[in-house]
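Student: Using only what follows, build the 3D model:
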Amino acid sequence: MMHSVNMRIATENPANNRRTTPKSGNLALIVSDKQKVYSAYMKQPSPTLAPLLRSNTQGDLLAYLLLQPERESTLSQIAHRIEAQLTTVHREVDRLVNSGLLTDRRIGSARLVRANEADRLYAPTRSLIEATYGPKVVLENLLAQIPGIDAAFIFGSWAARYSGEGGASPNDLDVILIGSINRREAFRIAEQAENDLHMEVNIERVDTSAWADGTDPFIAGITSRPLVELNLGIA
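Tutor: Have a look, this model is predicted:
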């Protein structure tokens, strides 16, 4: 399986003097003359990544728990990580515990949940979730705490399906890292992600200032389409 790591150097277009001023911690927001592109989660009633599920929230929750079966989390931790309402997480967890796919226990007032690897549906469900909603969890874990990355996004066909656009299931994964990560480290991440996800992973790298400027045709092309932001450094 092949993967690629590229570095894009943006060049200023003198015919377009539009600039955006980056705000601390807000590289996810890019404002253009024609539209605003937000990389926030776009919850869909009928997800195109996995039509058998009800929502992206359900897919994200299953990915977070089933792909990390050794991890025990509170409902608040899950809600924070997948950026979902606590009441929604509570409802989904109740259903999954009742079905046997998750187990829970209480320590004081905290309710801790984790995947139930003994359940006969764990393995097939994990395979489905890994192939659909797995990229976010896998990449976030690989990128967490790596210095030099200011922001990271999934773009291309996977991001389009996650955002609700119809189409075939993605065969590869396109990722863009914003910052000063070196080529060797990016190559290692792509290789590990391919091993974990069993799909081709292509990583692009761009400088933070070039990303914030947004005038480079390559960057403008990416930001004009759906983006899914990866949460960096979240435990």
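Student: Only C-alpha atoms from now on, for both contacts and neighbour counts.
Tutor: Fine.
Student: Which secondary structure state does the spatially most central residue of the chain sit in?
Tutor: Of all residues in the chain, the one closest to the mean position by C-alpha atoms, centre = their mean is Lys136, 3.1 Å from it. The local conformation at Lys136, judged by DSSP: H, G, I helix; E, B strand; the rest coil, is helix.
Student: That one contacts Leu227, correct?
Tutor: No. Contact criterion C-alpha atoms under 8 Å: Lys136 and Leu227 do not qualify, at 12.0 Å.
Student: Identify the contacts common to the two.
Tutor: With contacts defined as C-alpha atoms under 8 Å, 6 or more residues apart in numbering, no residue is adjacent to both Lys136 and Leu227.
Student: related to what we said a few turns ago, report pLDDT for the closest residue to the residue nearest to the centre of the chain other than its chain neighbours.
Tutor: Nearest non-adjacent residue to Lys136, counting by C-alpha to C-alpha, 6 or more residues apart in numbering: Leu230, 6.5 Å away. What the model reports for Leu230 is a pLDDT of 95.
Student: Can you give me the neighbour number for Leu230?
Tutor: Per other C-alpha atoms under 10 Å, the neighbour tally for Leu230 reads 24.
Student: do you know how far it is from Ile149?
Tutor: Counting by C-alpha to C-alpha, to the nearest Å, the separation of Leu230 from Ile149 is 11 Å.
Student: Tell me the first helix or strand C-terminal of the helix or strand of the chain with the lowest mean pLDDT.
Tutor: Least confident helix or strand of the chain, by mean pLDDT, DSSP states H and E, is strand 36-38 with a mean of 38. Next in sequence after strand 36-38, counting helices and strands by DSSP states H and E, comes helix 56-66.
Student: for that next one, packing partners?
Tutor: helix 75-82, strand 110-115, helix 122-132, helix 134-143 (3 or more C-alpha pairs under 8 Å, 6 or more residues apart in numbering; DSSP states H and E).
Student: chain center to that helix, what's the gap?
Tutor: Centre-to-centre, helix 56-66 and its host chain are 11 Å apart (C-alpha atoms, centre = their mean, to the nearest Å).
Student: That one versus helix 75-82: what angle between them?
Tutor: Computed by axes from the mean of the first three to the mean of the last three C-alpha atoms, to 10 degrees, the angle separating helix 56-66 from helix 75-82 equals 110 degrees.
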